[in-house]
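Asks: Fold the following, please.
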Amino acid sequence: MTPKPTGRIIQTDHGEDLVLTRTFRAPIEDVWASVTEPERTARWFAEWSGEAAPGRTISLQMTMEGDVPPSEAVIEACEPPRHLALRTIDGSGTWRLELTLEQSGAQTELTFIHHLDEDANTSQIGPGWEYYLDLLVAARDSAPPPGFDEYYPAQAEHYRR
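Replies: Prediction:
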């Protein structure tokens, strides 16, 4: 079964943002740990090393991208357990990423934002973030990870600008 795309591209005062959300039946601190602690991010996104603090640069080694060189991420904001903003830098350019967490009762909602450059290939980027966020869901549930071919090219048209 092909996962349905959930994200949307919205207009902002500064351009366009790709916005995706996921909801977890867990306290905010536990979801925060899933997106910030190196041993937990390695399960779904990337191994990282370095001193994690605003203004500092960490090294990211993507876990599902094959044999690609590490990239750098500058931490622009970190307000545990609610907000994290990064600027990643690698061979494909610079990406500005942000996530916020909000707890309501026993659930925590994660909102992921990719601040898009004018020439961003959203038909590839959107399915990629859907995949990574579903990897996060699978890692948290100890479920088998989805395959990327379930997302791309199946979701490309949804994200085409």
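Asks: what about Thr100, how many neighbours?
Replies: 15 (other C-beta atoms under 10 Å). No exception for glycine: its C-beta is placed from N, CA and C like everyone else's.
Asks: What helices and strands are in contact with the host helix or strand of it?
Replies: Taking DSSP states H and E as the criterion, Thr100 maps to strand 93-104. The helices and strands touching strand 93-104, judged by 3 or more C-beta pairs under 8 Å, 6 or more residues apart in numbering; DSSP states H and E, are helix 28-36, strand 83-90, strand 107-116.
Asks: Of the ones you listed, which is nearest Arg8?
Replies: Distance to Arg8, taken as C-beta to C-beta, is lowest for strand 107-116 among the helices and strands packed on strand 93-104, at 10.8 Å.
Asks: what's the offset of that closest one from the middle of its chain?
Replies: From the chain centre to the centre of strand 107-116 is a distance of 8 Å (C-alpha atoms, centre = their mean, to the nearest Å).
Asks: how about the longest helix seen in the chain: buried residues?
Replies: Longest helix in the chain by number of residues, with DSSP state H as the criterion: helix 122-141. Within helix 122-141, the residues scored as buried using 16 or more other C-beta atoms under 10 Å are 122-123, 125-137, 139-140.
Asks: what about the residue lying farthest from the centre of the chain, distance to His158?
Replies: Going by C-alpha atoms, centre = their mean, the residue of the chain most distant from its centre is Gly105, 23.7 Å out. Using C-beta to C-beta, to the nearest Å, we find Gly105 at a distance of 30 Å from His158.
Asks: and what of Lys4?
Replies: As judged by C-beta to C-beta, Lys4 and His158 stand 9 Å apart.
Asks: hang on, isn't Glu76 packed against Pro54?
Replies: Yes: Glu76 is in contact with Pro54 according to C-beta atoms under 8 Å; the separation is 6.8 Å.
Asks: Between the helices and strands packed on strand 93-104, which one is closest to Gln11.
Replies: Ranking the helices and strands packed on strand 93-104 by proximity to Gln11 (C-beta to C-beta) places strand 107-116 first, at 10.5 Å.
Asks: Pairing partners for that closest one, with directions?
Replies: Strand pairing for strand 107-116, determined by DSSP bridges: strand 15-24 (antiparallel), strand 93-104 (antiparallel).
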